[in-house]
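# Just to be clear, the model below is a prediction. Sequence and coordinates:
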Amino acid sequence: MGGFEGHLFPGLSFFFYGLYHARLFSRASICNYPVQYPPTRPWSKGRWAKLQQIYYVGLLKMLSACVLVAQELHNVPGEFVLITRLFHQRNFIYHKEWQHLTLYMSFFLSGCVDAVSQNLLPQRCAALEQGAQALAFFMCLPLMVSHIQDTEGVELQAHILLIQAMFLLMLVVTAELWAPNMPQIWVMKAFLHMVVGSWLIHIGFMLFKPISGYKWMDDDKNDIMFVTTFFCWHVAFAAVLMTWIYGFSFVWYCYI
């Protein structure tokens, strides 16, 4: 996730996925659905019947992962290899790029599992989808911890806060394996996805395209303290957005 685009595109993916789950939670709680995942749609006839039966969430996860991989490979200077041989030495190179690709491929595999479970299996297996999702976050968290070893100042503080949110999200998706029908887990899952996504986008602007036009300074304690303040604002923003989505869904399903 190097550069502005490397933070923007994953952030948008997380944020829109959080919006999707917020909508699912609102509909399930208002309409008394037993689970967050909607049931398989009944087959119908017609020219567009097959397209109407397809669940696109897994396919969109796969597509977004492919876009991120293409963007990462496009920004690699020279030949993209794992080990280089210089002066009779074998050195690992492009360590951050390989971490990014590993991260993207974990979510690509999660999307593949979603697509197979939702569209190909005779009966949808939500537990399989949730397990693949939890596995992706199990891989994501150690990669992010390793990712901040050579950072400092504003960038370090921003990524520490990101890791905290991802750790909570990993706990939530893990708890979902044992309690898939708890509304509290649905709420936290959608909420933390939006926090992670919006904060990733903010990190991209903060480090590479600051809105004020002035670069954030690593040696200024005020800048580092305001990073935490802005993160708290993102948490509050996600909470307000969750409330607004639920209120709009209530009006839509009950009165419209």
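Thanks, I have the structure now. Numbers count the residues shown, from 1 in each chain.
# so how far is the lengthiest helix in the chain from its chain's centroid?
In the chain, taking DSSP state H as the definition, the longest helix is helix 221-255. Offset of helix 221-255 from its chain centre (C-alpha atoms, centre = their mean, to the nearest Å): 17 Å.
# how about the helices in the stretch 1-150 of the chain?
In the stretch 1-150 of the chain, the segments counted as helices under DSSP state H, counting those that start in this stretch are 3-31, 49-53, 57-74, 95-119, 126-147.
# now for these, which one comes closest to residue 194?
For these, the distance to residue 194 is smallest for helix 3-31, at 3.5 Å, taking C-beta to C-beta. Bear in mind the C-beta positions are built from the backbone N, C-alpha and C, glycine included.
# Which positions in the closest one come out as buried?
By 16 or more other C-beta atoms under 10 Å, the buried positions in helix 3-31 come out as 5-11, 13-15, 17-19, 21-22, 24-29.
# next one: stretch 199-208
Neighbour counts over stretch 199-208 (16+ other C-beta under 10 Å) mark 199, 200, 201, 202, 203, 204, 206, 207 as buried.
# Tell me the one of those residues nearest residue 150?
The closest of the buried residues of stretch 199-208, once distances to residue 150 are taken by C-beta to C-beta, is residue 207, at 14.2 Å.
# got the contact list for the closest one?
Counting by C-beta atoms under 8 Å, 6 or more residues apart in numbering, residue 207 touches 4, 7, 154, 155, 158, 216.
# ends of stretch 173-191, how far apart?
From its first residue to its last, stretch 173-191 covers 12 Å (C-alpha to C-alpha, to the nearest Å).
# I'd like the average pLDDT over it.
Here stretch 173-191 scores 91 as its mean pLDDT.
# do stretch 13-21 as well
Here the average pLDDT along stretch 13-21 is 92.
# hmm, back to that, packing partners for the longest helix of the chain?
If contacts are counted by 3 or more C-beta pairs under 8 Å, 6 or more residues apart in numbering; DSSP states H and E, helix 221-255 sits against helix 3-31, helix 153-178, helix 183-208.
# Could I get those in CSV, plus columns for distance to residue 147?
As requested, the helices and strands packed on helix 221-255 are exported to CSV (distance: least, C-beta to C-beta, whole Å):
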stretch, distance to residue 147
helix 3-31, 11
helix 153-178, 7
helix 183-208, 12
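# Go ahead and confirm residue 124 touches residue 114.
No - using C-beta atoms under 8 Å as the test, residue 124 is too far from residue 114 to be in contact (9.8 Å).
# Of the two, give the one with the bigger neighbour count.
More neighbours surround residue 114 than the other of residue 124 and residue 114, with 25 against 18 (other C-beta atoms under 10 Å).
# Name all residues that make contact with the more buried one.
Each residue near residue 114 by C-beta under 8 Å, 6+ apart is listed here: 55, 57, 58, 61, 129, 132.
# what about 7 Å?
Neighbouring residues of residue 114 by C-beta atoms under 7 Å, 6 or more residues apart in numbering: 57, 58, 61, 129.
# Repeat that for residue 84.
Counted by C-beta under 7 Å, 6+ apart, residue 84 has contacts 91, 93.
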